[in-house]
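1. coordinates only, sequence not included:
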């Protein structure tokens, strides 16, 4: 369970969220995916980033 509160996990979630959100925009602009799928990918990316921020706050309260 300590891996969840590791610094590397928080950073990885933030980077993963940024990659997913960027990928959604790039794929939509190329016409590879439709607007609905891009919104879903963007929402997933923001979900990863929100989880990263939440864990960042929790880690701060734990110390």
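-> Happy to help now that I have it. The shown structure was predicted, so the numbers you read here are calculated from the model rather than taken from an experiment.
2. what's the model's confidence in the longest helix out of those in the chain, averaged?
-> As assigned by DSSP state H, the longest helix anywhere in the chain is helix 35-62. Confidence for helix 35-62, expressed as mean pLDDT, is 96.
3. Pull out the buried residues from that helix.
-> Within helix 35-62, the residues that count as buried by 16 or more other Cβ atoms under 10 Å are 38, 41-42, 44-45, 48-49, 51-52, 55. From N, CA and C alone the C-beta is placed, and that goes for glycine too.
4. swap in stretch 19-31?
-> Residues of stretch 19-31 classed as buried: 20-21, 23-24, 28 (neighbour count, 16+ other Cβ under 10 Å).
5. list the contacts for the residue nearest to the spatial centre of the chain?
-> In the chain, the C-alpha nearest the mean C-alpha coordinate belongs to residue 17, at 2.1 Å (Cα atoms, centre = their mean). Shown in contact with residue 17 (Cβ atoms under 8 Å, 6 or more residues apart in numbering): 45-52.
6. how much does the helix or strand hosting residue 29 deviate in direction from helix 35-62?
-> Secondary structure from DSSP states H and E places residue 29 in helix 7-30. Interaxial angle of helix 7-30 relative to helix 35-62 (axes from the mean of the first three to the mean of the last three Cα atoms, to 10 degrees): 160 degrees.
7. Count the neighbours of residue 11 for me.
-> Residue 11 has 12 neighbours, counted by other Cβ atoms under 10 Å.
8. How much space separates it from residue 53?
-> According to Cβ to Cβ, to the nearest Å, residue 11 and residue 53 sit 12 Å apart.
9. now do residue 16
-> 13 Å.
10. Repeat that for residue 21.
-> 14 Å.
11. Residue 33 now?
-> Distance check for residue 33 against residue 53: by Cβ to Cβ, it reads 26 Å.
12. Next: residue 29.
-> 27 Å.
13. do residue 2 as well
-> Remark: distance between residue 2 and residue 53 (Cβ to Cβ) = 19 Å.
14. Tell me which residues touch residue 45, please.
-> 16-24.
15. who touches residue 28 in this structure?
-> Taking Cβ under 8 Å, 6+ apart as the test, what residue 28 contacts is 34-35, 37-38.
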